[in-house]
Each structure stands twice: as structure tokens, then as C-alpha cells.
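Peer 1: Only the shape, not the letters, is given here:
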């Protein structure tokens, strides 16, 4: 982790103060910073005034903080969350945040392997003790001494406990890490458990999904980078900013549900007209996530929009939670629909800084290219 602040690094790469503030506005919107929290000014607690907007608060943090060290462990998983993050089509929030962290260890992305990679991880854990963010992808297998998931002769449980001891924050990304996921599904031959179950007593921030939405992960990481604390969590330790509403609340098929228009099969007239997929087993009414707002592939679409029922992959036991294509037996009993304006606001805030972020990324790329030459 370099000694230079994030702003100093961006400035050296040709990012102007104006573009930097636009980037800060993008980050502020992405992490849901729509209010001004109490902060300490000159040793006293006070609320920020009108002259200190959310973007300015982000700017102040990035002007004083250097890159955030991250150690990423993979256990019983398919690397889908890493793939989704690295292959995201969003050149704004994802690229911006990933440029402000230093991934000290990641088995899939590391150039080194074997003893070299392990030595680098141990060195980083020692150097940044109490400062690094530990990210876990995949479930943990403690059964039979952990023989079903080992790396370098160490069990997943031992590796997790070792890395968690010096972490400033622990993030479980993806359903496998957050709730056990597919490895935990019946009959669960490896005795798979979630990170929370493997580390009782520790606060684990869960970012479930199969895979987790890239912007949800980076938005959460950005919050910790800026404030040094975890965001507000729900009862399942998920960030409320992204898991505060169900898929159904902001689904564009919701009006058809209200009108009682449902598709009965994937190829009937209702399906062709975009009717609600509730009777085909859509778990949107009971699944909390930001899919309908953030969507995937740079805001292009999400499963329900593309014609497939929500599988509920951000909820516990989603694989064993019922047939995917069987309608839910209990009638829906949810509060009134969150206004369309709220849903649009989320997309608008994130999209507002797209041009600025792209511009800054272009300058950074040009700077790096000149440096290579």
C-alpha cells in the first residue's frame, strides 16, 4: 500500500480536481450517501453544513487515505464472484474502486503461485495487520478435519481463522460464503458452512448472490474505504443500501402482478407480453437484492427482465428452498410498491458520473501508456 493518497495518485495520472470531484460524486451516490452523518470537526461532534456535501465528504477521505489492502481467499466455490467482478461491463464504479485498492492475495488473479503466493500473503498479513480487508469467496469445510478443501496442506477453516485474526473487516461475497450456497445444499457431503458459521462471534458482512453483483461489492468496499466502518446492515448482515428492497418491489413486471396478469408457461402469450413470472416460481417477492435497480452488464438487464424467474440466490438455502419453476404457495403480503422515482433515482445517481469516470479512466490509461513507452 503506497504512502501517497488516492487523490495524489489520480492527480499524477492527469485527473483534474474537477474530474476528481465528479468521481467522488459517483462514489457518494453508489454507496447511498444521501444524508450527512455526524462527524467530528475540531474535536467536537457536529453535523456537516450545506457547504459540505456527500461528494465533498468522499473527496476529503480520498485526499487523505492511501489504497486499501485486500486479501481475497477462495474456498468451495466456482470463482463466479471473481469472474463477475473482473468481467463487469461497468467502467465506472467497478474500475474506480478497484483502482483504489491493492489486492495483496488472490489465487485466481495472482501471477505468483505455490510458495511464492503463500509467502506474499503472509507478508501482507503481517505488514497490514489490523488494516486489511479480508474477502472470502466460497463456503468453508470443517468436516473430517477439513480434508475436503485444503490449500497448501492447510484446511479452509485453518486458513480462514489465520487470515481473520488480523483483518480490519471481513466480507463474505457470494451465496456460498454468505450462507453456504450450493456446497451446503443437500446432502452436503463436505459439511459446508458459511463464513459466519465458521467464525462465530465475529461480524461478517454478507454480500450474497450467485454471483454477487459487482457494483454491490465495490459499493460496499467503497464505503469502508471512505468511512473506515461497515455500512448499516440488515438482520442477515447484508448492506441495507443494496438489500433494503425485494426484487419484486422494483421489478418492471410489477404492474402486471398488480393487474393479475401472469405467464403460465415460458412460451405462452403472457410470457410474450412480459407478464409477471410469479406463477412460474419467481422468488422476487421474497428475495432482497438490487438486481432490478443496478441490473447486470452495465445496467443492460437482469434475469426477470430477460424472461427468467428470480431464483432467490441472495437468500439463505436458496438451492433447497423450493422448486425453481413452482409458484409460491403463500399469497404475497408486501407493503405498497416503492415509488418508481426511488428506483429511477438509484440508477440516475450511479449513471450521473459515468461520463466523468470514463474520462478519468481514459486519462489514467493514457498516463500508463506513456509511462510504458
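Peer 2: Received it, and whenever you're ready, just let me know what you need. These numbers were taken from a predicted model, which means no experiment stands behind them. Numbering: from 1, shown residues only.
Peer 1: what about stretch 272-282, how long is it end to end?
Peer 2: Taking C-alpha to C-alpha, to the nearest Å, stretch 272-282 runs 16 Å from one end to the other.
Peer 1: quick one: buried residues of the one helix or strand residue 125 maps to?
Peer 2: Using DSSP states H and E, the element containing residue 125 is helix 114-127. For helix 114-127, burial by neighbour count (16 or more other C-beta atoms under 10 Å) applies to 117-118, 120-121, 124-125. C-beta: built from backbone N, CA, C; applies to glycine.
Peer 1: Out of those residues, flag the one nearest to residue 221.
Peer 2: When the buried residues of helix 114-127 are compared for distance to residue 221 (C-beta to C-beta), residue 124 wins out at 16.8 Å.
Peer 1: Can you name the element that comes right after the helix holding residue 125?
Peer 2: With elements assigned by DSSP H and E, the helix or strand that comes after helix 114-127 is strand 133-137.
Peer 1: Next secondary structure after that next one?
Peer 2: strand 150-151.
Peer 1: which other helices and strands contact that next one?
Peer 2: With contacts defined as 3 or more C-beta pairs under 8 Å, 6 or more residues apart in numbering; DSSP states H and E, strand 150-151 has no helix or strand neighbours.
Peer 1: What's the per-residue pLDDT of residue 22 here?
Peer 2: Listed pLDDT for residue 22 reads 78.
Peer 1: Can you name the helix or strand that the spatially closest residue to residue 290 that is not a sequence neighbour falls in?
Peer 2: In space, residue 290 comes closest to residue 242 once its chain neighbours are excluded; the distance is 4.4 Å by C-beta to C-beta, 6 or more residues apart in numbering. Counting by DSSP H and E, the element that carries residue 242 is helix 240-243.
Peer 1: Could you point out the helix or strand that follows that helix?
Peer 2: Where DSSP H and E defines the elements, the next helix or strand beyond helix 240-243 is helix 254-258.
Peer 1: Now do the helix or strand following that next one: everything it contacts.
Peer 2: Sequence order places helix 269-272 as the next helix or strand after helix 254-258, per DSSP H and E. Identification of contacts with helix 269-272 by C-beta atoms under 8 Å, 6 or more residues apart in numbering yields 261-265, 277, 307.
Peer 1: which of those residues lies closest to residue 17?
Peer 2: For the contacts of helix 269-272, the minimum distance to residue 17 (C-beta to C-beta) is 45.7 Å, reached by residue 307.
Peer 1: quick one: pLDDT of the closest residue to that closest one other than its chain neighbours?
Peer 2: Distances taken as C-beta to C-beta, 6+ apart put residue 271 closest to residue 307, at 6.8 Å, once the chain neighbours are dropped. pLDDT for residue 271: 93.
Peer 1: what's the neighbour count on residue 271?
Peer 2: If you count neighbours by other C-beta atoms under 10 Å, residue 271 ends up with 16.
Peer 1: now do residue 5
Peer 2: Residues lying near residue 5 (other C-beta under 10 Å) number 16.
Peer 1: show me the contacts for it.
Peer 2: Going by C-beta under 8 Å, 6+ apart, residue 5 touches 62-66.
Peer 1: again with residue 315
Peer 2: 179, 208, 283, 286-288, 321.
Peer 1: so of these, which ones are in strands?
Peer 2: Judged by DSSP state E, strands contain none of the contacts of residue 315.
Peer 1: Looking at those residues, which is nearest residue 192?
Peer 2: residue 179 (10.1 Å).
Peer 1: Look at that closest one and say how many residues are nearby.
Peer 2: 25.
Peer 1: Over to residue 308?
Peer 2: Neighbour count of residue 308, defined by other C-beta under 10 Å: 16.
Peer 1: For it, give me its contacts.
Peer 2: Residue 308 sits in contact with residue 277, where contact means C-beta under 8 Å, 6+ apart.
Peer 1: Over to residue 259?
Peer 2: Contacts of residue 259 (C-beta under 8 Å, 6+ apart): none.
Peer 1: Show the pLDDT at it.
Peer 2: What the model reports for residue 259 is a pLDDT of 95.
Peer 1: And it, how far from residue 21?
Peer 2: 45 Å (C-beta to C-beta, to the nearest Å).
Peer 1: now swap in residue 192 and tell me
Peer 2: From residue 192 over to residue 21 the distance is 45 Å, taken as C-beta to C-beta.
Peer 1: Neighbour count: those two, which is higher?
Peer 2: Taking neighbours as other C-beta under 10 Å, residue 192 and residue 21 compare with residue 192 leading, 26 against 17.
Peer 1: how does this structure divide up, domain by domain?
Peer 2: As given by automatic domain parsing, the domain ranges for the chain are 1-66+340-373, 67-244, 246-337.
Peer 1: Relative to the whole chain's centre, how far out is stretch 243-256?
Peer 2: 19 Å (C-alpha atoms, centre = their mean, to the nearest Å).
Peer 1: scratch that, stretch 267-282 is what I was asking about
Peer 2: Relative to its chain's centre, stretch 267-282 lies at 29 Å (C-alpha atoms, centre = their mean).
Peer 1: And it, what's buried?
Peer 2: Neighbour-count burial for stretch 267-282 [16+ other C-beta under 10 Å]: 270-271, 274-282.
Peer 1: mind listing which of the residues you listed are in helices?
Peer 2: Among the buried residues of stretch 267-282, the residues falling in helices (DSSP state H) are 270-271.
Peer 1: Show me where this structure has its strands.
Peer 2: Going by DSSP E, the chain shows strands at 38-41, 44-47, 68-74, 101-106, 133-137, 150-151, 154-155, 169-173, 205-207.
Peer 1: And the last one, what does it pack against?
Peer 2: Applying 3+ C-beta pairs under 8 Å, 6+ apart, we find strand 205-207 packed against strand 169-173, helix 175-179, helix 214-227.
Peer 1: Show me the shaky parts of the stretch 1-150 of the chain.
Peer 2: 1-3, 30-52, 88-99 (pLDDT under 70).
Peer 1: So what pairs up with the nearest residue to residue 205 once chain neighbours are set aside in the strands?
Peer 2: Once flanking residues are discounted, residue 205 sits nearest to residue 171: 4.9 Å by C-beta to C-beta, 6+ apart. Beta bridges link residue 171 to residue 135, residue 205, judged by DSSP bridges.
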